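**Student:** just coords:
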Ligand code: SF4
Ligand code: SF4
């Protein structure tokens with residue numbers, strides 16, 4: 001995987017959607033980057049130049065990326081799969097929050113990444129002037145792509161935090177449940193990211209904390 005695969009992948013996806021270009025800075029400027037407020041772009045494996053412990057840690061060193069966790073279900077078991085996202089506001093190198101927050105790379109002049117650097121899932125979210133921008137990648141498929149690299153990513157998580165992906169993911173779920181519980185108790189409206197996190201809490205059973 002690498003930059004060439006990324007170009008080939010984008011070209012193949014755009015064949016299914018030839019009428020719109022995948023970059024349109026005018027439309028995004030007018031919109032003000034609403035999608036970037038919903039979370040940092042997720043990376044696909046073709047966005048990683050060197051899929052190794054050192055390669056991933058070098059990416060974290062840039063301050064532009066974080067490791068986050070995707071939860072895959074295998075029967076009644078839940079497997080946290082570490083993936084990479086564009087870094088979000090207040091997030092560190094490993095971000096175990098399951099509540100997505102605005103992307104930290106969204107500046108006054110738009111995305112801090114160059115067009116070529118921008119993660120593939122961001123590039124394949126096609127801007128459309130009347131809203132209703134179109135995602136050409138299935139997010140679930142993109143996350144599952146990381147599964148074969150779980151051992152490498154788990155090793156990075158361990159070196160970075162001293163904890164396993166499983167422990168970190170679980171504590172992130174508990175933390176999110178407590179934050180959401182507090183807001184509900186105070187009658188504060190939940191954000192889109194918090195509403196989405198409730199789905200993960202239901203899947204993992206951590207939702208029980210909200211019912212106590
Ligand atoms: S892709 Fe769509 S939602 Fe995102 S900044 Fe551009 S116009 Fe706005
Ligand atoms: S990486 Fe760029 S395009 Fe993606 S969410 Fe962040 S600011 Fe937006």
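**Tutor:** That came through, no problem. Note that this is a predicted model, so its numbers are computed, not measured. Ligands and ions are numbered 1, 2, ... in the order given.
**Student:** going forward, measure contacts and count neighbours with C-alpha atoms only.
**Tutor:** OK.
**Student:** residue 135: neighbour count?
**Tutor:** Other residues lying near residue 135 total 14 when counted by other CA atoms under 10 Å.
**Student:** residues contacting it?
**Tutor:** 121, 124, 125, 126 (CA atoms under 8 Å, 6 or more residues apart in numbering).
**Student:** from the residues you listed, which land in helices?
**Tutor:** Judged by DSSP state H, helices contain the following of these: residue 121.
**Student:** tabulate the contacts of residue 135 in CSV, adding columns for distance to residue 35 and neighbour count.
**Tutor:** Output for the contacts of residue 135, formatted as CSV (distance: CA to CA, whole Å; neighbours: other CA atoms under 10 Å):
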residue, distance to residue 35, neighbour count
121, 12, 20
124, 12, 20
125, 9, 17
126, 11, 21
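**Student:** which residues of this protein fall in helices?
**Tutor:** For the chain, the helices defined by DSSP H occupy 3-15, 25-31, 34-37, 53-61, 120-123, 139-144, 150-161, 165-185, 192-204, 208-211.
**Student:** re earlier: any chance of CSV for the contacts of residue 135, columns distance to ligand 2 and pLDDT?
**Tutor:** Output for the contacts of residue 135, formatted as CSV (distance: CA to the nearest ligand atom, whole Å; pLDDT from 0 to 100):
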residue, distance to ligand 2, pLDDT
121, 8, 94
124, 10, 93
125, 9, 93
126, 11, 91
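**Student:** from the contacts of residue 135, list the ones also adjacent to ligand 1.
**Tutor:** Near ligand 1, judged by CA under 6 Å from any ligand atom, the entries from those are 125, 126.
**Student:** out of the contacts of residue 135, the closest to residue 202 would be?
**Tutor:** residue 121 (25.9 Å; CA to CA).
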